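Asker: Build me a model:
(chains A and B)
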Amino acid sequence: MRIAAGVDVGSTQTKAVVMAENGGREILARALVDTGANVRKAAENAFLAACHSAGIATPEVGFVVGTGYGRYNISFGNTQMTEISCHARGAHFVYPSTRTVIDMGGQDSKAISVGGDGQVMDFVMNDKCAAGTGRFLANAADVMGIGLDEIGPLSLRASRPVRITTVCTVFVESDILSYLAQGKKAEDILGGVHLAIAKRTLSLARRVPIEPQITMTGGVARNSGMVRALEEVLGTTMQISPDAHFMGAIGAAVFALEKMDQSFESSTWRPEHAAGSGH
Amino acid sequence: MDFERTFDIGTDLVSDLDFARVRQWKDQHPGGAVIGYFPVYAPAEIIHAAGMLPVALSGGGDRLDIQHADARFGSFICSIIKTTLEMGLREHLTVFDGVLFSSICDSARNLCFVMKRNFPALYTDFLHLPHNPSSAASIDFLASEYRRLIQELERMGGRPVTAEALNESILLYNRNRQLTRDLYRFRCQNPHLLRAWESYVLVRAGNVIPVEEHNQLLQDALAQLPSRSGRPRDSIRIVAEGAFCEQPPLDLIKLVEDVGCYVVDDDFAIGRSWFVEDVPTEDDPIHALAESYVNRAVYSSVRHDFRAPRWEGLATKVKQARADAVLFLIAKFCEPAYFDYVLFKKKLDEIGVPHLLLEFEEKQFTFDRVRTEVETFVESLVFD
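Answerer: All right, here's what the predicted structure looks like:
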């Protein structure tokens, strides 16, 4: 049995997936930690947690691919791939019919056109703007005084979603405050916020061919309100895996298995304990 | 002297916003005038033949904070327009006696007249380039514009532009363009020995020194390069296209190569060598220059010539450079480049050449997002 791992160091959370190949490919374990300020430590902790959960010793992992914005800070990785390549490959691994990936993460969003083998055909990233990202929704939740996990389900109850004039993460606050002052219901305001972001994301995604099947990945895929709003503006349903959040790490693990046999100048060093844990 | 030393000379010249070398030239040439010119198609030969120093303007880069220009231009105007005006308003251009613009885009045209209004003592001129090279009148029209320019320069105290002087200048600039072509050819064949940002610095250094000195600099570099050592890297060969006017930050060009690309051809600082062949020396050199603009000018998004469409020019460039892909480096708010992107993209899709669009601004300090985009592009080609 060959074992490889993918570590996705995102802006908000770090994900690690341990994958085995024994005839077929199988996810052995996943782990999720907050990234925080120490990116290197977060990567090690996530990797160790995934290995622990898989019941394997870290040296058993033959190849590690790092991805995400902090991919170059992973001290024990063999190589790096971008999160765009990894989300495409991860989505293809979970849903081979995937032709488009909409990835909404903590600080950026992307639309990826995916080929039949999971390769990236075309892609587009959001500009220097938080609209369409988890950060936008987190800000909206803060202004409303509602927990981030609650805003999605609450928005689903909207009967008359408000119109939002801006998708600027900073200025949407005044829109929300204005609607609160008018006595609008929280669910209608949140319904409007989710719809505005969905439209913004669709206009980004239109720059690549949007072809079925569409798979949504990234942390925001866990927000049911965002999923419904996106499906509404897309006019179709999306494939959303319970592992949507781990898709980058899954893709990285798939790449790691594929690269194991290639002649890389590989580091065999693996952390045994969490960085800074004193062991 | 080794290549690194020659390169350092170029770096110093490119990074000087105060035009120290230009001031030095002026001290050495009492009464000599300095004429700045905005990209792309400026007749530096004429300014040189008038005994003046032609200096190519290429914006303020990332070292000049905008304090005044934003009050004069809308937020939708590209960086080079604003930083050029800012340099004037912050007295970086005091060494200049004149500035020359030409019809390349609306913003550049307006900059000419904004400069005129803000700096009345500065000779500010606008050269009307013919927009239809297919017309029989184009050459005569441009020749008359060049004659008008010569009259203005002579009125400013320039020496009379004789046919002999102009032919001498043409020969010097022909040499300069030949050396630039040689440098590009060397890089295309040995991209591991000469990086794109290095050749860019060497070429751009010519903006602020007399052509005679720049010829020497390029000649030295070409002589030193073959003895440079370097190991070929596993990189894809790309053509960079779209930065014919505003220049991308040096760090961006470096990054593109660092993440797995060889930039084997580009249009950086293309205004330095915009004739693709030698300008002939003849009895009427003004006619020769005008005829060369019509028949020997490099394609760009600000020169319209349906006899030789620029998308075909790009396709030829890709083929000649044996490039795997094209990287569009387009300045934010550059209308001509964005209009042409559609035409270029259509052509590249037709001939099956992958491409990626990156937008840049003069002032850009973090490149994480761009790095991810270029890396993904490289990965999609390498791990196809």
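Asker: and the stretch 51-200 of chain A, which residues reach chain B?
Answerer: Counting by C-beta under 8 Å from any C-beta of the partner chain, the residues of the stretch 51-200 of chain A close to chain B are A:69, A:81-85, A:108, A:119-121, A:123, A:125, A:128. Glycine gets a C-beta too; all of them are placed from N, C-alpha and C.
Asker: farthest-separated two in those residues?
Answerer: Of all pairs drawn from those, the greatest distance, 27.4 Å, lies between A:119 and A:128 (C-beta to C-beta).
Asker: more crowded one of those two?
Answerer: Here residue A:119 and residue A:128 are set side by side on neighbour count (other C-beta atoms under 10 Å in any protein chain shown), and the busier one is residue A:119, at 17 against 7.
Asker: Buried members of the residues of the stretch 51-200 of chain A next to chain B into PyMOL, please.
Answerer: Below is the selection syntax for PyMOL that covers the buried ones among those, with 16 or more other C-beta atoms under 10 Å in any protein chain shown defining burial:
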select buried, chain A and resi 69+81+82+83+84+85+108+119+120+121+123+125
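Asker: The residues of the stretch 51-200 of chain A next to chain B in helices, which ones?
Answerer: Residues from these lying in helices, with DSSP state H as the criterion: A:83-85.
Asker: just so I have it, where are all the helices in the chain?
Answerer: Answering for chain A, as no chain was given. Assigned by DSSP H, chain A shows helices spanning A:39-54, A:83-94, A:134-144, A:148-155, A:172-181, A:186-205, A:224-234, A:247-259.
Asker: To clarify, I was referring to chain B.
Answerer: For chain B, the helices identified by DSSP H occupy B:3-14, B:20-28, B:44-49, B:79-89, B:106-118, B:138-155, B:163-189, B:196-204, B:211-224, B:250-258, B:285-296, B:310-320, B:335-351, B:368-382, in order along the chain.
Asker: Nearest residue to the residue in the stretch 151-279 of chain A that chain B sits nearest to in space, ignoring adjacent ones along the chain?
Answerer: Of the stretch 151-279 of chain A, the residue with the smallest distance to chain B, taken as C-beta to the nearest C-beta, is residue A:255 at 8.0 Å. Sequence neighbours aside, residue A:65 is the residue nearest to residue A:255 in space, at 4.8 Å (criterion: C-beta to C-beta, 6 or more residues apart in numbering or on different chains).
Asker: and the one you found, what does it touch?
Answerer: A:4-7, A:77-81, A:86, A:252-253, A:255-256, A:259 (C-beta atoms under 8 Å, 6 or more residues apart in numbering or on different chains).
Asker: Can you name the residues bridging to it?
Answerer: Each beta-bridge partner of residue A:65 is listed here, defined by DSSP bridges: residue A:6, residue A:79.
Asker: Next one, pLDDT for residue A:264 please.
Answerer: Among the per-residue scores, residue A:264 holds a pLDDT of 58.
Asker: now do the one 3 residues further on
Answerer: According to the per-residue confidence, residue A:267 scores 65 in pLDDT.
Asker: Repeat that for residue A:160.
Answerer: In this prediction, residue A:160 carries a pLDDT score of 94.
Asker: distance of it from residue A:234?
Answerer: The gap separating residue A:160 from residue A:234 is 22 Å, by C-beta to C-beta, to the nearest Å.
Asker: more crowded one of these two?
Answerer: Each of residue A:160 and residue A:234 has its neighbours counted (other C-beta under 10 Å); residue A:234 has more, 19 against 10.
Asker: lowest-confidence helix or strand of chain A?
Answerer: Lowest on mean pLDDT, DSSP states H and E among the helices and strands of chain A sits helix A:134-144, with a mean of 88.
Asker: Show me which positions of that helix end up buried.
Answerer: By neighbour count, with 16+ other C-beta under 10 Å as the criterion, the buried positions of helix A:134-144 are A:134-141, A:143-144.
Asker: ok, of these, which one's closest to residue B:17?
Answerer: residue A:135 (36.4 Å).
Asker: Quick check: the gap between that closest one and chain B.
Answerer: Counting by C-beta to the nearest C-beta, to the nearest Å, the gap from residue A:135 to chain B is 15 Å.
Asker: so who does the closest residue to that residue other than its chain neighbours touch?
Answerer: Take residue A:135 and drop its neighbours on the chain: the residue closest to it by C-beta to C-beta, 6+ apart is residue A:107, 5.7 Å away. With contact taken as C-beta under 8 Å, 6+ apart, residue A:107 is in contact with A:11-12, A:69, A:130, A:133-135.
Asker: okay, those in CSV with distance to residue B:361 next?
Answerer: Below are the contacts of residue A:107 laid out as CSV (distance: C-beta to C-beta, whole Å):
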residue, distance to residue B:361
A:11, 23
A:12, 27
A:69, 21
A:130, 19
A:133, 22
A:134, 26
A:135, 23
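Asker: Now for these: which two are most distant?
Answerer: Using C-beta to C-beta, the contacts of residue A:107 span at most 14.2 Å, a distance reached by A:69 and A:130.
Asker: Show the pLDDT at residue 167.
Answerer: Assuming you mean chain A. 77.
Asker: Hmm, no, I was thinking of chain B.
Answerer: Among the per-residue scores, residue B:167 shows a pLDDT of 98.
Asker: Now do the same contact list for it.
Answerer: B:281-282, B:285.
Asker: If the residue nearest to residue B:115 when sequence neighbours are not counted is in a bridge, with which residues?
Answerer: Of all residues not flanking residue B:115 in the chain, residue B:124 sits nearest, at 5.1 Å (C-beta to C-beta, 6+ apart). Beta-bridge partners for residue B:124, by DSSP bridges, are residue B:99.
Asker: Would you mind listing where the chain has pLDDT under the threshold?
Answerer: Let's take chain A. For chain A, residues meeting the criterion pLDDT under 70 lie at A:128, A:263-268, A:273-279.
Asker: meant chain B actually
Answerer: When the per-residue scores of chain B are filtered using pLDDT under 70, the ranges that remain are B:384.
Asker: That's all I had, so thanks and see you.
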